[in-house]
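1. let me see the structure of the following:
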Amino acid sequence: TLRSTPTHGISTLWILAAFCTAASCTAAFAGNREVVETSKNIASHIDFIYPQASDAARNYNFQHYVLQICRPLVLASSVFILLQSGWLAKLSIRLERIASYALRVLAYLSILTLILYLVDLPFAFYSQFILEHHFGLSNQTLSAWCLDESKRLLLRLSFVPLFLPVALIIRHRQRFWSFWIWLLIVGATMVLVYLKPIILDTMFNKFSPLPPGSLRTKIELLCAKAELRNPEIEVVDRSKQTKKINAYVTGLSNSTRIVLYDTLTRDIKEAEVLCVVAHEMAHYKYQHVLTGLALSLLAILPVLVFAEFLTNRFLPSLPRRWGIKTKADPSFLALGLGIMYASSILISPIECTIARHVETEADDFALRITGDGRSVAQLFASLARLDLIDPDPPAIIEFWLYTHPSIRHRIERALATVKTEPTAR
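-> Residues are numbered from 1 along each chain as shown. Prediction:
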């Protein structure tokens, strides 16, 4: 993608994250000053003006920062309140009249999913509709938002049966259930990522091939230069929902494709669009989606093994009102869900550090393939202006929440590659 997006997963390789953090910090201290000075000198030569955050942009971004931190904490708190109040234990008892354990678990998880969805709904409505309309970034009507949100709810409920095999494995396997759950997660995740662009995304938007024309011809030349066999490039009608610009790579194997927002081809210059495509080509060429997925899935295994160890050690000492007498109790899954929500905000800096490393690699690839540092820098300036991105966020916010380097850092890196004519003496 082009801009930072919230991270929701909780699993990443800690050792790799520590390495990336140390490497990025070392590189920053070693070369950042030179890059900054070089980029400033070049900017003055080519009359490039650094984007400045407006009061509206600062306000918009501040509210999103708060929401990114609060939403998972509120969801985690909700789970633990339901456990501590004994409500989930009472729900489990009431559902015991259902003879089938599988149906009991499905009913329990469906009710819990619906409750957590309703808890999160005000945050979703404010962040996706109220806030976007207030700052002039949305084209979506209230009825259209409600329709999309109802689809998201149905998708969440349709995913509930995926947790049933997890419950059955935990119930029937006394030892090494963590390994079998991990295998299940690997298989289910690969299938869902493969199907996402084919089925899930098409529930919300229409996708069409990039039409023939000057842009497509130039993209094909870029593909040849990058030694790529014409990847599938689609345009999505995101303008019916947003005025923002973006692009991303999605899918696995033969479902992999580069997707461009239709706002992108409409609202910025062709040279900048080519820079976007070159950036996404890096994700495509280097299999960043598959690499990130593999790292996350590998990291899940030690987490599950540790969870099994904690379960064997501390399960008998959990509060009785939680209703978790054995790991077969449905509330055991609720406890795991609450821990996942609480952990996500704590592990966010690790995931974001790895993501920024990947996005920097994609930026550097775009600079090499296009050979147009000025257009790349201008693209980032357009991104800040059109998407109301703070080009220079506080360092702690960038470290904790940003999946991409800040706009200022990306512009400095791009301008440092621009060749200028020597000043006449």
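2. what about the stretch 151-300 of the chain, any weak spots by pLDDT?
-> For the stretch 151-300 of the chain, no stretch is flagged by pLDDT under 70.
3. please, where are all the helices along it?
-> Secondary structure of the stretch 151-300 of the chain, counting by DSSP state H, counting those that start in this stretch: helices at 164-172, 177-195, 214-225, 262-267, 270-285, 288-314.
4. packing partners of the second one?
-> Judged by 3 or more Cβ pairs under 8 Å, 6 or more residues apart in numbering; DSSP states H and E, helix 177-195 is in contact with helix 164-172, helix 288-314. Placement of C-beta: from N, CA and C, glycine included.
5. also the first one?
-> Applying 3+ Cβ pairs under 8 Å, 6+ apart, we find helix 164-172 packed against helix 101-125, helix 177-195, helix 330-370.
6. mind listing what's buried in it?
-> With burial defined by 16 or more other Cβ atoms under 10 Å, the residues of helix 164-172 counted as buried are 165, 166, 167, 168, 169, 170, 171.
7. for it, which outside residues touch it?
-> Here helix 164-172 makes contact (Cβ atoms under 8 Å, 6 or more residues apart in numbering) with 101-102, 105-106, 109, 177, 180-181, 184, 327-328, 330, 332-333.
8. what angle separates it from helix 101-125?
-> Calculated by axes from the mean of the first three to the mean of the last three Cα atoms, to 10 degrees, helix 164-172 forms an angle of 130 degrees with helix 101-125.
9. quick one on the thing from earlier: can you redo the helices of the stretch 151-300 of the chain as TSV with distance to residue 133?
-> As requested, those are arranged in TSV below (distance: least, Cβ to Cβ, whole Å):
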stretch	distance to residue 133
helix 164-172	39
helix 177-195	31
helix 214-225	31
helix 262-267	16
helix 270-285	26
helix 288-314	32
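10. quick one: closest of the ones you listed to residue 249.
-> helix 270-285 (4.2 Å; Cβ to Cβ).
11. just the buried ones from the contacts of helix 164-172, in ChimeraX syntax?
-> Selecting just the buried residues from the contacts of helix 164-172 in ChimeraX takes one command, with 16+ other Cβ under 10 Å as the test:
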select :105,106,109,177,180,181,184,327,330,332,333
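12. spatially nearest residue to residue 279, not counting backbone neighbours?
-> Nearest residue to residue 279, sequence neighbours excluded (Cβ to Cβ, 6 or more residues apart in numbering): residue 366, at 4.3 Å.
13. of the buried residues of helix 164-172, just say which sits nearest to residue 91.
-> Of all the buried residues of helix 164-172, the one sitting nearest residue 91 is residue 167; the distance, using Cβ to Cβ, is 15.1 Å.
14. state the distance from the closest one to residue 192.
-> 19 Å (Cβ to Cβ, to the nearest Å).
15. also residue 399?
-> Residue 399 sits 30 Å away from residue 192, going by Cβ to Cβ.
16. equivalent analysis for residue 298, please.
-> 17 Å.
17. quick one: closest of the helices of the stretch 151-300 of the chain to residue 406.
-> For those, the distance to residue 406 is smallest for helix 270-285, at 15.8 Å, taking Cβ to Cβ.
18. touching, residue 418 and residue 373? I think so.
-> Yes - between residue 418 and residue 373 there is a contact under Cβ atoms under 8 Å: 4.1 Å.
19. quick revisit: okay, the helices and strands packed on helix 177-195, which one's buried deepest?
-> helix 164-172 (a mean of 17; mean count of other Cβ atoms under 10 Å).
20. to the chain's geometric centre, what's the distance from that one?
-> Its chain's C-alpha centre lies 28 Å from the corresponding centre of helix 164-172 when counted by Cα atoms, centre = their mean, to the nearest Å.
21. do the same with stretch 113-129
-> Mean-position distance between stretch 113-129 and its chain equals 18 Å (Cα atoms, centre = their mean).
22. cool, stretch 260-277 as well?
-> Relative to the chain's own centre, stretch 260-277 is displaced by 21 Å; criterion: Cα atoms, centre = their mean.
23. okay, buried residues for it please.
-> Using 16+ other Cβ under 10 Å as the test for burial, stretch 260-277 gives 260-265, 267-268, 272-277.
24. include distance to residue 319 when you put those residues into JSON lines, please.
-> As requested, these are exported to JSON lines (distance: Cβ to Cβ, whole Å):
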{"residue": "260", "distance to residue 319": "52"}
{"residue": "261", "distance to residue 319": "48"}
{"residue": "262", "distance to residue 319": "53"}
{"residue": "263", "distance to residue 319": "51"}
{"residue": "264", "distance to residue 319": "52"}
{"residue": "265", "distance to residue 319": "56"}
{"residue": "267", "distance to residue 319": "55"}
{"residue": "268", "distance to residue 319": "56"}
{"residue": "272", "distance to residue 319": "57"}
{"residue": "273", "distance to residue 319": "57"}
{"residue": "274", "distance to residue 319": "59"}
{"residue": "275", "distance to residue 319": "56"}
{"residue": "276", "distance to residue 319": "52"}
{"residue": "277", "distance to residue 319": "55"}
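25. from these, pick the one nearest residue 212.
-> In terms of Cβ to Cβ, no member of the buried residues of stretch 260-277 lies closer to residue 212 than residue 265, at 13.2 Å.
26. wait, that closest one sits on residue 273?
-> Yes - using Cβ under 8 Å, residue 265 is in contact with residue 273, at 5.9 Å.
27. list residues touching both of those two?
-> Common contact partners of residue 265 and residue 273 (Cβ under 8 Å, 6+ apart): residue 215.
28. still on that earlier bit, quick one, which of the helices and strands packed on helix 177-195 is nearest to residue 246?
-> With distances scored as Cβ to Cβ, the stretch of the helices and strands packed on helix 177-195 nearest to residue 246 is helix 288-314 (15.7 Å).
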